[in-house]
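Q: what would the 3D arrangement of this be:
(4 chains, ligands or ions: 6)
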Amino acid sequence: MEQLKVKIGKLILENPVLTASGTFGTGEEFEDFLDLDKLGAVVVKGITLKPRDGNPLPRIAETPSGMLNAIGLQNPGVDIFIKEKCPVFLKYKVPFIVNISGYEEKEYGLLAKKLETVAGVAGIEVNVSCPNVNYRHGMIFAKDPLAVSRITRLVRKNTKKTVIIKLSPEVSDIKVIARAAEEAGADALSLINTISGLAVDVETRRPKIASIIGGLSGPAVKPIGLRCVWQVYNTVKIPIIGMGGICTYEDALEYLIAGAAAVAVGTGNFLDPQSTVKIVDGLKKYFILNKIKNVAQLTGSLRLFNN
Amino acid sequence: MEQLKVKIGKLILENPVLTASGTFGTGEEFEDFLDLDKLGAVVVKGITLKPRDGNPLPRIAETPSGMLNAIGLQNPGVDIFIKEKCPVFLKYKVPFIVNISGYEEKEYGLLAKKLETVAGVAGIEVNVSCPNVNYRHGMIFAKDPLAVSRITRLVRKNTKKTVIIKLSPEVSDIKVIARAAEEAGADALSLINTISGLAVDVETRRPKIASIIGGLSGPAVKPIGLRCVWQVYNTVKIPIIGMGGICTYEDALEYLIAGAAAVAVGTGNFLDPQSTVKIVDGLKKYFILNKIKNVAQLTGSLRLFNN
Amino acid sequence: MKINTTARIIYNKQVSNEYWNMKIYLPQIAKQASPGQFLTIQTSKTGSPLLRRPMSIHKLTSTSIEILYKVRGRGTNLLMQVKKGEELQVLGPLGHGFDTDIPFTTAILTGGGYGIAPLKALHDLLKKKKKNIITIVGARTAKLIYKEGFTGVRVSTEDGTAGIKGLLTKALEKACCSNLKGPAAIFACGPDKMLQAVAGVAAKYGLPCQVSLEKMMGCGIGVCLSCACRLEKGGLARVCVDGPVFDAKEIKWNN
Amino acid sequence: MKINTTARIIYNKQVSNEYWNMKIYLPQIAKQASPGQFLTIQTSKTGSPLLRRPMSIHKLTSTSIEILYKVRGRGTNLLMQVKKGEELQVLGPLGHGFDTDIPFTTAILTGGGYGIAPLKALHDLLKKKKKNIITIVGARTAKLIYKEGFTGVRVSTEDGTAGIKGLLTKALEKACCSNLKGPAAIFACGPDKMLQAVAGVAAKYGLPCQVSLEKMMGCGIGVCLSCACRLEKGGLARVCVDGPVFDAKEIKWNN
Ligand SMILES: Cc1cc2nc3c(=O)[nH]c(=O)nc-3n(C[C@H](O)[C@H](O)[C@H](O)COP(=O)(O)OP(=O)(O)OC[C@H]3O[C@@H](n4cnc5c(N)ncnc54)[C@H](O)[C@@H]3O)c2cc1C
Ligand SMILES: Cc1cc2nc3c(=O)[nH]c(=O)nc-3n(C[C@H](O)[C@H](O)[C@H](O)COP(=O)(O)OP(=O)(O)OC[C@H]3O[C@@H](n4cnc5c(N)ncnc54)[C@H](O)[C@@H]3O)c2cc1C
Ligand SMILES: Cc1cc2nc3c(=O)[nH]c(=O)nc-3n(C[C@H](O)[C@H](O)[C@H](O)COP(=O)(O)O)c2cc1C
Ligand SMILES: Cc1cc2nc3c(=O)[nH]c(=O)nc-3n(C[C@H](O)[C@H](O)[C@H](O)COP(=O)(O)O)c2cc1C
Ligand code: FES
Ligand code: FES
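A: Ligands and ions are numbered 1, 2, ... in the order given. This next block holds a predicted model:
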């Protein structure tokens, strides 16, 4: 459907419904449930320079309307990923966006460079909100506008593909971080990543997640994601991919109205593996019923009370 | 029950269960449901220097396992409050803690001074996370460690009563803010206040709250509150009053184990007006069953996996 | 005294195109309750939806309370599925109801949409008090009219498919102009816009008028301040405890 | 092919002190499923609890699947309340089941706690394949033993109130030492600690051994990586897709 098409950086997506990194594998795991080509884009699980085993178990816990995860970026490393996973992307029309994480700033540049020549990789989503070890203050990159700026530039320098910077909501002022990414050359922003949280098993007095703190996702964080999208929409000009708790097409509409140019489904994939395509269908019906001409007509269309 | 007693600043509380400001009125509204003297302390609705009408309606909205509110500190102003509400506090044995908010830093000092001589006011909870208008960068005080430090000192200078600083989780590093409050002389910390969020009515495309952004509370934020308590517990020496999504005694236990010396119930009062006393009873049973000698034995007793 | 209790459902059935009727065994609350007061009901045991739903007292016996509700969203959808014999958490009686001790001999009950819900309990009380009753029931179209058990009914529909065509205030004005027996008083419940119009008619004819307001409610017991309502005399009232029934003249409309 | 479907409940009843048994009409999934595979079930329509609950296939017909479950927390509590005729969201068949094409004539089924759940479907298949079956059912105490429908049962209880006193591996060792007809294989399901002990016994007697593992699962379809399990040969497997059934020798225990 023509009306649903959106442009993110250099990419024209068939519709504004993407998958959130880490919740959709590389897409093939969902082949029994849906036709990947019906999606706007597939954003694949986070990749690092070296292979990683991830964190000890338990890695997830359920919370009210949400879940915590501390998978710890288990992945085969970028080289094996390029060799084994990327060729499969060519079977599809849908663009594949690769999510990258670094432990040092320079790794982001190296990752972007390695992916630059890989056919089938349409764009790069830069996860600056991963738990990192080598950073100066032990803070994650996404909390420091200068680090975000440097990483964005580094990736930008190493690739002509669409560059999306994925931000954390866990900052004092997300507008500052968003501006830093925009000014450094990001094509688009993804927000939000998970919010760090803790859950305690009162029987054993242990954290429900072995590495203590995990990232909160799911419907519980939807209001926070929406607020971030709204704040950033009013700050930057580049498109925003909104996410956090999207399970239905109404959730997707909330994000579009709050300022998102496109949306991504994360935890929703676990609750219903077909939620992405159901959201696409829901949007189609909504667009027809309400005679919406294009997604831009919805993006940021929040009607304020004093208007 | 002796084992449940806790000390917060100069106050000895009968038990570690408090009410969260803004969700319990001045306590009298709950007289049909419970004996206030069964609680650890009553923290009353936020007071400002001048009377305030609050924000336009709708002021609340429901979200998955949570709610947004933007009441906007509707209150009669400190003078009427002292004259009309405070005398009632003397009828009870339970300590009453007054929650204060300022629009400029100096207002906190004035508020503390006015309350200093009021009998029946046992302590002051300083809300530095209110939406303020006169602050330099338009940021709330709680995001700036220097502002938190100055406000804490100002209140400290004006009162001998117990001073509790209430922090916002919406910061890049809550440890920095907590340390600022401790160093400036806070007796205790309350955390967390609500997290700003947005909800959109997709029918009307209006925000569900007239003033657009509201504060998220309820079970949805429990993992975030617990994480903040754990981080701050490992940073400061003063006691922490933990809150955010507490509805049952198990929730309270999670907070105690994560590092809280006491807990407060907010949104939980709306779901069941008797939840505070039910939590006290639950804790009593738990203490007896598990032969817990005092609350300190639980506070911060989280058992890590690598131990 | 407000009571927080677990209550057994006596029945729960669909009674019209739009409305469901639930009868709840609530001896302690019923004993104290009066027309115009309301309950808040926990619609889910799983914590989702989170907040209780306010529902007016529709009928009152010495041991039970009935509610009449429209299925609108998640909460009322769950309510609809509750079966006879099951239990719900109920809080009540909440708020201030209608004042029937003012001097009047004819009552004009004016209900828009599910605004008729609290008027039935009021109707039954006024019957006992031997008042003359005119009931004006308004809806968009004929098939949405629900007037079960009311007497002296005058119907009004926006599309004219039943009764007087037009807004409910047209029917109300007609009633006000008619030959009323003795002093009359208006008791109204419905959307804000309708109540404001009703208040206007009442003022025009110099009739006392009580309106029952509806606002989003967080707590129902006066502490969250989500239900604020501006008053003519200045200041704010809390609809859940100072209302939901107010003298129409007290309310500052349009704000 | 994995199927995501709405399924009708044929019955749901308590079958022992600890267990409930639910039969679900699932023609499409049943057709493809094999013993050792599992389903994930949405226990709540309100979104709370959020995640689906994994449940082994306990019995299998051409059109239905039964599960046997223990009520532990919020999800299984809701499952328990589901009534005949109601519908649930079900995903399946998930994972890799037991491999029964290896050479053996005697199967030693070893189930601890609700670990017996998947062994019943396996039992029924092996019966059809004319295998000899020994079923070792272990529990803490006699009244928790559930062995409905199993044949060749040997009970073991930790407190000695029924069968052999001690851990289930004691009964297993006894079986291994006994006069087994032809080559034997062990199929086990239960808590990690038990499976590790069973693997030890299997190694000691040189018997092939398949174990079905249980980990917290976020997705059940291989994408969330919450169910990782370390392998002897190095690297990690996902229990939900690479398992839940593994050759005991593949697993790197203790990590
Ligand atoms: C004092 C009072 C008495 C009421 N009496 C009746 C009655 O007798 N019969 C009846 O059908 N309805 C009555 N209502 C309205 C009823 O509370 C809402 O229709 C109900 O809460 C909707 O819940 P939901 O989950 O189905 O809908 P939602 O999906 O939550 O919302 C649907 C609409 O209902 C409104 N609403 C939701 N929650 C509340 C709340 N806590 N308070 C007020 N409005 C809300 C929202 O504005 C929204 O537009 C009354 C409301 C109040 C305040
Ligand atoms: C492949 C597999 C097959 C299973 N088969 C059966 C079966 O046939 N019968 C049976 O009774 N149980 C089975 N389980 C366990 C069952 O999934 C849990 O008991 C159930 O999820 C508990 O849900 P709850 O909400 O009642 O408990 P909760 O209160 O959520 O938790 C109680 C305990 O159950 C565990 N648990 C909770 N959620 C999950 C999850 N998503 N995955 C794994 N464990 C979880 C937790 O570790 C916790 O200790 C199986 C688990 C797996 C992974
Ligand atoms: C299990 C899990 C794994 C995730 N892994 C990644 C990842 O590798 N890289 C990344 O940028 N985000 C990752 N995320 C974050 C999601 O992409 C998304 O930003 C977040 O979950 C919020 O969306 P949701 O509420 O729809 O899940 C992960 C989330 C979950 C739940
Ligand atoms: C309706 C409402 C009003 C509140 N008003 C105040 C206030 O006046 N001052 C304050 O410091 N916190 C206020 N809070 C925040 C609570 O005290 C508490 O910190 C927060 O809600 C988290 O706890 P909870 O999840 O248990 O509600 C308010 C919260 C709610 C829901
Ligand atoms: S609903 Fe909370 S004050 Fe009225
Ligand atoms: S449960 Fe998600 S990968 Fe296994």
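Q: which ones are touching the nearest residue to residue A:215 once chain neighbours are set aside?
A: Counting by Cβ to Cβ, 6 or more residues apart in numbering or on different chains, the nearest residue to residue A:215 once its immediate chain neighbours are dropped is residue A:194, at 2.6 Å. Quick note: C-beta positions are derived from backbone N, CA and C, even for glycine. Applying Cβ atoms under 8 Å, 6 or more residues apart in numbering or on different chains, we find residue A:194 in contact with A:68, A:69, A:129, A:214, A:215, A:216, A:217, A:221.
Q: considering those residues, which possesses the most neighbours?
A: For the contacts of residue A:194, the largest neighbour count, defined by other Cβ atoms under 10 Å in any protein chain shown, is 35 neighbours, found at residue A:221.
Q: report pLDDT for that one.
A: Residue A:221 is assigned a predicted lDDT (pLDDT) of 98.
Q: just residue A:136 next, same as before
A: With respect to pLDDT, residue A:136 has a value of 50.
Q: do the one 3 residues further on as well
A: Residue A:139 is assigned 64 on the pLDDT scale.
Q: ditto for residue A:46
A: Residue A:46 carries a pLDDT score of 94 in this model.
Q: next one: residue A:12
A: According to the model, residue A:12 carries a pLDDT of 97.
Q: ok, residue A:266 to residue C:190 distance?
A: Distance, residue A:266 to residue C:190, using Cβ to Cβ, to the nearest Å: 43 Å.
Q: more crowded one of those two?
A: Set side by side, residue A:266 and residue C:190 show more neighbours around residue A:266, with 29 against 23, by other Cβ under 10 Å.
Q: hmm, residue A:243 and that one touching each other?
A: Yes: taking Cβ atoms under 8 Å as the contact criterion, residue A:266 and residue A:243 are neighbours in contact, 5.9 Å apart.
Q: quick one: common contacting residues for these two?
A: Residues touching both residue A:266 and residue A:243 comprise residue A:20, with contact defined as Cβ under 8 Å, 6+ apart.
Q: run through chain C and note the low-pLDDT ranges.
A: Low-confidence regions of chain C, defined here as pLDDT under 70, cover residues C:255.
Q: please list the residues of it that sit near ligand 4.
A: Taking Cβ under 6 Å from any ligand atom, the part of chain C that reaches ligand 4 is made up of C:218, C:224.
Q: which stretches in chain C count as helices?
A: Using DSSP state H, the helices assigned to chain C run over residues C:27-32, C:74-80, C:116-128, C:168-177, C:192-205, C:239-242.
Q: reformat the ones you listed as CSV; add mean neighbour count.
A: As requested, those are arranged in CSV below (neighbours: other Cβ atoms under 10 Å in any protein chain shown):
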stretch, mean neighbour count
helix C:27-32, 16
helix C:74-80, 19
helix C:116-128, 23
helix C:168-177, 20
helix C:192-205, 19
helix C:239-242, 23
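Q: between the two ends of stretch C:4-24, what distance do you get?
A: Terminal residues of stretch C:4-24 lie 14 Å apart, using Cα to Cα, to the nearest Å.
Q: secondary structure class for the most far-flung residue of chain A relative to its centre?
A: Farthest-out residue of chain A from its mean C-alpha position, per Cα atoms, centre = their mean: residue A:203, at 34.8 Å. On the three-state scheme (DSSP: H, G, I helix; E, B strand; the rest coil), residue A:203 is labelled coil.
Q: neighbouring contacts of the one helix or strand residue A:62 maps to?
A: Applying DSSP states H and E as the criterion places residue A:62 in strand A:60-63. Counting by Cβ under 8 Å, 6+ apart, the neighbours of strand A:60-63 from elsewhere in the structure are A:67-71, A:197, A:199, A:208-209, A:214, A:216, A:218, A:220, B:219, B:222-223, D:49-51, D:216, D:218, D:224, D:226.
Q: again, but for stretch A:1-11
A: Counting by Cβ under 8 Å, 6+ apart, residues outside stretch A:1-11 touching it are A:12-16, A:40-41, A:95, A:122-123, A:161-164, A:187-188, A:239, A:241, A:261-262, A:280, A:283-284, A:287, A:292-295.
Q: OK, contacts around residue 150?
A: By default, I'm working from chain A. By Cβ under 8 Å, 6+ apart, the contact set of residue A:150 is A:105, A:184.
Q: wait, chain C
A: Applying Cβ under 8 Å, 6+ apart, we find residue C:150 in contact with C:109, C:116, C:119, C:120, C:123, C:133, C:135, C:137.
Q: again, only using 10 Å
A: For residue C:150, the contact set (Cβ atoms under 10 Å, 6 or more residues apart in numbering or on different chains) comprises C:109, C:111, C:116, C:119, C:120, C:123, C:124, C:133, C:134, C:135, C:136, C:137.
Q: and the two most separated of these?
A: Of all pairs drawn from these, the widest gap by Cβ to Cβ lies between C:124 and C:136 and measures 17.1 Å.
Q: ok, back up a step: nearest to ligand 1, of the contacts of residue C:150?
A: Of all the contacts of residue C:150, the one sitting nearest ligand 1 is residue C:116; the distance, using Cβ to the nearest ligand atom, is 8.7 Å.
Q: so that closest one makes contact with residue C:21?
A: No: the criterion here is Cβ atoms under 10 Å, and residue C:116 misses it with residue C:21 at 12.0 Å.
Q: any shared contact partners between those two?
A: Counting by Cβ under 10 Å, 6+ apart, the contacts common to residue C:116 and residue C:21 are C:58, C:68, C:146, C:148.
Q: so which of the residues you listed sit within strands?
A: Among those, DSSP state E puts residue C:68 in strands.
Q: would you mind checking the shared contacts of residue C:116 and residue C:21 for buried ones?
A: Buried members of the shared contacts of residue C:116 and residue C:21, counted by 16 or more other Cβ atoms under 10 Å in any protein chain shown: C:58, C:68, C:146.
Q: adding distance to chain A, write those residues out as CSV.
A: Supplementary listing: these in CSV, determined by distance: Cβ to the nearest Cβ, whole Å:
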residue, distance to chain A
C:58, 31
C:68, 28
C:146, 29
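Q: residue D:237: which of those is nearest?
A: Where these are concerned, and distances follow Cβ to Cβ, residue D:237 has its nearest neighbour in residue C:68, at 57.6 Å.
Q: gap between residue C:217 and residue A:45?
A: Separation of residue C:217 from residue A:45 (Cβ to Cβ) stands at 44 Å.
Q: an error on my part: the question was meant for residue C:93.
A: Relative to residue A:45, residue C:93 is positioned 55 Å away (Cβ to Cβ).
Q: got it, and residue A:203?
A: Distance check for residue A:203 against residue A:45: by Cβ to Cβ, it reads 32 Å.
Q: can you tell me the closest non-neighbouring residue to whatever residue of the stretch 151-255 of chain C ends up closest to ligand 4?
A: For the stretch 151-255 of chain C, the nearest residue to ligand 4 under the criterion Cβ to the nearest ligand atom is residue C:224, separated by 4.2 Å. Spatial nearest neighbour of residue C:224, excluding adjacent residues (Cβ to Cβ, 6+ apart): residue C:218 at 3.7 Å.
Q: how many neighbouring residues does the one you found have?
A: Burial of residue C:218, expressed as a neighbour count using other Cβ under 10 Å, amounts to 26.
Q: which bits of the stretch 1-150 of chain C sit near chain A?
A: Of all the residues in the stretch 1-150 of chain C, those in contact range of chain A (Cβ under 10 Å from any Cβ of the partner chain) are C:46, C:47, C:48, C:50.
Q: between those, which is nearest ligand 3?
A: When the residues of the stretch 1-150 of chain C next to chain A are compared for distance to ligand 3 (Cβ to the nearest ligand atom), residue C:48 comes out closest, at 15.9 Å.
Q: residue of the stretch 1-150 of chain C with the smallest distance to ligand 1?
A: Closest residue of the stretch 1-150 of chain C to ligand 1, Cβ to the nearest ligand atom: residue C:73 (1.8 Å).
Q: what are the phi and psi angles of that residue?
A: Note on residue C:73: its backbone torsions stand at phi -140, psi -150 [degrees, to the nearest 10].
Q: SS state for whatever residue of the stretch 201-307 of chain A ends up closest to chain B?
A: Here the stretch 201-307 of chain A gets closest to chain B at one residue, residue A:223, 2.9 Å apart by Cβ to the nearest Cβ. Reducing the assignment to helix, strand or coil with three-state DSSP, the entry for residue A:223 is helix.
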